[in-house]
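In: give me coordinates for this.
(2 chains)
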Amino acid sequence: MSARPELITIEGVTKRYLTSSGPVEALHHVSLSVEEGAFCTLIGPSGCGKSTLLGMLGGLVTPDQGRVLVDGRPVTGPDPRRAATVFQEAGLFPWRTALQNVEFGLELQGVPAERRRRTASELLGPLGLSGFAEKYPRELSGGMKQRVAIGRALALDAKILLMDEPFGALDEQTRVLMGEWLLDIWRRTRKTVIFVTHSLHEALFLSTRVAVMTARPGRIKAALDLAMEYPRSMESSEMVALRAKLWSEIREESLRAMR
Amino acid sequence: MTSRAAPMTVVGLRLGLLALFLAIWEVAGRMVNPLLGVPPSAVLPSLRDLLLLRSYPDLPASLLLTIREIGAAYALAVAAGLGCGFMLGMHRLVGRAWGPMLAALYAVPAVVWYPSLMLFFGLDAASKIAFGFLLGFFPIALAVLAGIRQVNPQLVVVARAYGAGTVTVFRRVMLPAMLVGGLRTGLALSVIGVVVGEILGSKAGMGALINHAYGLLRTGDYVALVLVTLALVVGSDVLASLLERRARRWTE
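Out: Take a look at the predicted model:
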């Protein structure tokens, strides 16, 4: 396949949760590998364990079986130097300004104030937040808040960016624009992105690789490599065919999830 | 939004009410027995004598003692309030079991405890500090408890994902969220506790001076001492509100 090294290797991970109605298997023997520099999307019906899988990569969830390797080393806990996470809810600290929120991760790593201020300030431009450094989260729009959250992750300069439905709470138009913006950032920073989404459009428009997950218990049903150039036109015949193929994979699982 | 003229109008209205109050006081004060009623015009000389240390040369020492008692009471109330609120807030079972008891105790008029505090701690500073502590403790503990319950759990997840351990989560996430309110109310009540404690029975401090003047029917001196105490109380609240506003810029 590719000559590039694999940055992320997921080997046969299984996760069970105990609920009031008995144990639920969220993930069942999931294996997946992602090469460095890829934009890999995890797509599947609600409750298929996408977020659980992302949580394992971020070290917030421990697998019951199997293991997760990042850069050849197993993940044992959150390690923001290797992988930085962006959540669906921006999760900004309301008592910190936009700039201070971007600085948060660096602050925890003990980076001197002056240096982390400079790093964060330089990020605000590409984030489209130049005039908003001193604003508090309540003064920012939904899209801006999410960009601050992405800035907080980018500031760490980890190789991997984990994104859990980052645009899920935004309106359709903002969502499309944020996708274009993220693509631009990704191509400039050459990070490896793992992106969880419900949206076929996002998966096709953004990714180099799409992994379709099954309804619970989650498994990888299919993995597609997308080689098209950016920016992509959703109307090209290739894209229309891919969309139909992807939809047929997902539709079946979504129907199962609804039952 | 308020217009630019509004702050001046507000100040004007305040001064107007103050002037009206002083005028009524002046008229009423002149009509009653001069041993009991003192008009503002008669308080001014007393206030001057007081501030020049003619009537009560030990005013600075008394003021300092009262301030120190307040400081000690408030420091204890903050430490115990934060600790207790944190304990009740972090352990769900403990919070469910003891939180309502704390709220019920807060509803008891604290002054009923004062006689027993004097029995335990004597007539000196300790009983005043204990009373100020008792008054200040409850609002702080309850505000901390409420603050912890309102912390967005998502913020804790974010902090953990960015490498924060338990201590860092507490310092960077719980503490800022908790410090909303509570501390200012706690200070106001600690001040009240100390001053009331001194008036109810003491040998030194502002309350003791007030008792002395009042007992000897030196009404002008009494009113002047009350005014100095009032300035102390208002001053401490202004200080607390400035600090609070600075700390809470993000919520306004």
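
In: who are the contact partners of the residue nearest to A:Ala169 when sequence neighbours are not counted?
Out: Nearest non-adjacent residue to A:Ala169, counting by CB to CB, 6 or more residues apart in numbering or on different chains: A:Gln88, 5.9 Å away. No exception for glycine: its C-beta is placed from N, CA and C like everyone else's. Counting by CB atoms under 8 Å, 6 or more residues apart in numbering or on different chains, A:Gln88 touches A:Asp164, A:Glu165, A:Pro166, A:Gly168, A:Ala169.

In: ok, 6 Å please
Out: Residues counted as contacts of A:Gln88 (CB atoms under 6 Å, 6 or more residues apart in numbering or on different chains) are A:Asp164, A:Glu165, A:Gly168, A:Ala169.

In: now do the helices in the chain.
Out: Picked chain A for this. In chain A, the segments counted as helices under DSSP state H are A:50-57, A:98-108, A:113-124, A:142-154, A:172-189, A:200-206, A:237-258.

In: try chain B instead
Out: For chain B, applying DSSP H gives helices covering B:6-31, B:40-51, B:59-90, B:92-107, B:114-121, B:125-150, B:153-161, B:166-169, B:175-178, B:183-200, B:206-215, B:219-247.

In: just put those helices in a markdown table and tack on mean neighbour count.
Out: Below are these laid out as a markdown table (neighbours: other CB atoms under 10 Å in any protein chain shown):
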| stretch | mean neighbour count |
| --- | --- |
| helix B:6-31 | 11 |
| helix B:40-51 | 16 |
| helix B:59-90 | 20 |
| helix B:92-107 | 12 |
| helix B:114-121 | 15 |
| helix B:125-150 | 24 |
| helix B:153-161 | 19 |
| helix B:166-169 | 13 |
| helix B:175-178 | 20 |
| helix B:183-200 | 24 |
| helix B:206-215 | 20 |
| helix B:219-247 | 16 |
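
In: so where is the stretch 151-252 of chain B shaky, pLDDT-wise?
Out: The model of the stretch 151-252 of chain B has pLDDT under 70 over residues B:179-181, B:250-252.

In: quick one: name the residues of it near chain A.
Out: B:Gln154, B:Leu155, B:Val158, B:Arg160, B:Ala161, B:Tyr162, B:Gly163, B:Ala164, B:Pro176, B:Trp250 (CB under 6 Å from any CB of the partner chain).

In: list the contacts for the fourth one?
Out: What that stands for is B:Arg160. Taking CB under 6 Å, 6+ apart, one finds A:Pro78 in contact with B:Arg160.

In: rerun at 10 Å
Out: A:Gly58, A:Gly59, A:Leu60, A:Gly77, A:Pro78, A:Thr85, B:Thr166, B:Thr168, B:Val169, B:Val173 (CB atoms under 10 Å, 6 or more residues apart in numbering or on different chains).

In: do the same with the fifth one
Out: Going by CB under 10 Å, 6+ apart, B:Ala161 touches A:55, A:58-60, A:78-80, A:83-87, A:91, A:105, A:153, A:162.

In: among the helices of chain B, which is nearest A:Arg190?
Out: helix B:153-161 (22.3 Å; CB to CB).

In: just the CA coordinates for the closest one, please, in CSV.
Out: What follows is helix B:153-161, C-alpha atoms only, in CSV (Å, rounded to 0.1, in the frame of the first residue of the first chain):
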residue,chain,number,x,y,z
PRO,B,153,-18.1,18.0,33.7
GLN,B,154,-16.9,18.6,30.1
LEU,B,155,-14.3,21.1,31.5
VAL,B,156,-12.9,18.3,33.7
VAL,B,157,-12.6,16.0,30.7
VAL,B,158,-10.8,18.7,28.7
ALA,B,159,-8.4,19.3,31.5
ARG,B,160,-7.6,15.6,31.9
ALA,B,161,-7.1,15.2,28.1
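
In: now do that helix and helix A:98-108, the angle between them.
Out: Angle of helix B:153-161 versus helix A:98-108, following axes from the mean of the first three to the mean of the last three CA atoms, to 10 degrees, is 40 degrees.

In: before we move on, back to that, any chance of a markdown table for the helices of chain A, columns mean pLDDT?
Out: Output for those, formatted as a markdown table (pLDDT from 0 to 100):
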| stretch | mean pLDDT |
| --- | --- |
| helix A:50-57 | 92 |
| helix A:98-108 | 94 |
| helix A:113-124 | 93 |
| helix A:142-154 | 93 |
| helix A:172-189 | 89 |
| helix A:200-206 | 92 |
| helix A:237-258 | 88 |
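
In: nearest to chain B, out of those?
Out: Closest to chain B of those is helix A:98-108 (CB to the nearest CB; 4.5 Å).

In: was I right to think A:Glu139 contacts A:Ala133?
Out: No - A:Glu139 is not in contact with A:Ala133 according to CB atoms under 10 Å; the separation is 11.6 Å.

In: for those two, list the residues in contact with both.
Out: By CB under 10 Å, 6+ apart, the residues touching both A:Glu139 and A:Ala133 are A:Thr97, A:Ala98.

In: where does B:Ser62 land on pLDDT?
Out: Listed pLDDT for B:Ser62 reads 92.

In: ok, now which ones touch it?
Out: B:Ser62 touches B:56, B:198, B:202, B:204-210, B:212, B:225, B:228-229, counting by CB under 10 Å, 6+ apart.
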